[in-house]
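K.L.:
build me a model from this:
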Amino acid sequence: MSTFAELVTSRKAWIERELKPWCARASLSQLKLAEQEWLDIAGKVDPETTLWSWAWSRFADLVNADLARIDEAHQVTVTLKGGRTFTGFPDARQSRKGTLVLVCKNATNPQLYEDQGPFSLDDVEQVQRS
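P.N.:
This is a model prediction of the structure:
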């Protein structure tokens, strides 16, 4: 690389080819380690809209790529690795650092809503729009 433009192009390619895919498959403990060094790894970008958005992107129905965040606009069904399922709307404000909180209808009174979770990224098996 002999020019700054080539360096920038190389860095952008590394982020797309290496960093984003790593985030989409890394364990929660590894992601938390990466977050501590995120400014050195990814540059001056917010970990919520990069690291954590890329990590949750392993569940395509959960993340709005244009907003780079958990999508609250669609109801989803979350299946945990133990087989339990929860259906509700993701709460992006409460879903932080590898945990997911859903706002779900109350089982005994469907007029009321309650939070379910937080669910660890490592415990989530599948997320599907309902």
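K.L.:
what strands line up against the strand or helix carrying residue 103, and which way round?
P.N.:
For residue 103, the host element (DSSP states H and E) is strand 99-105. With DSSP bridges as the test, strand 99-105 is paired with strand 85-90 (antiparallel), strand 113-120 (antiparallel).
K.L.:
which among those strands is found nearest to residue 4?
P.N.:
Nearest to residue 4 among those is strand 85-90; the distance by CB to CB comes to 39.7 Å. Every C-beta, even on glycine, is put in place using the N, C-alpha and C of the backbone.
K.L.:
how about that closest one: buried residues?
P.N.:
Under the neighbour-count criterion of 16 or more other CB atoms under 10 Å, strand 85-90 has 88-90 buried.
K.L.:
run through who's touching that strand.
P.N.:
For strand 85-90, contacts defined as CB atoms under 8 Å, 6 or more residues apart in numbering pick out 62, 70-72, 74-80, 100-105, 113, 116-117, 119, 130.
K.L.:
what subset of those residues is buried?
P.N.:
Buried among the contacts of strand 85-90 by 16+ other CB under 10 Å: 62, 70-72, 76, 78, 100-104, 116-117, 119.
K.L.:
show me the helices in the chain, by range?
P.N.:
Under the criterion DSSP state H, the chain contains helices at 4-14, 20-23, 28-36, 38-42, 51-56.
K.L.:
list the contacts for residue 75?
P.N.:
So residue 75 contacts 87-89, 129-130 (CB under 8 Å, 6+ apart).
K.L.:
what's the most distant pair in those residues?
P.N.:
88 and 129 (11.9 Å).
K.L.:
overlap in contacts, the two.
P.N.:
In contact with both residue 88 and residue 129: 75-76, using CB under 8 Å, 6+ apart.
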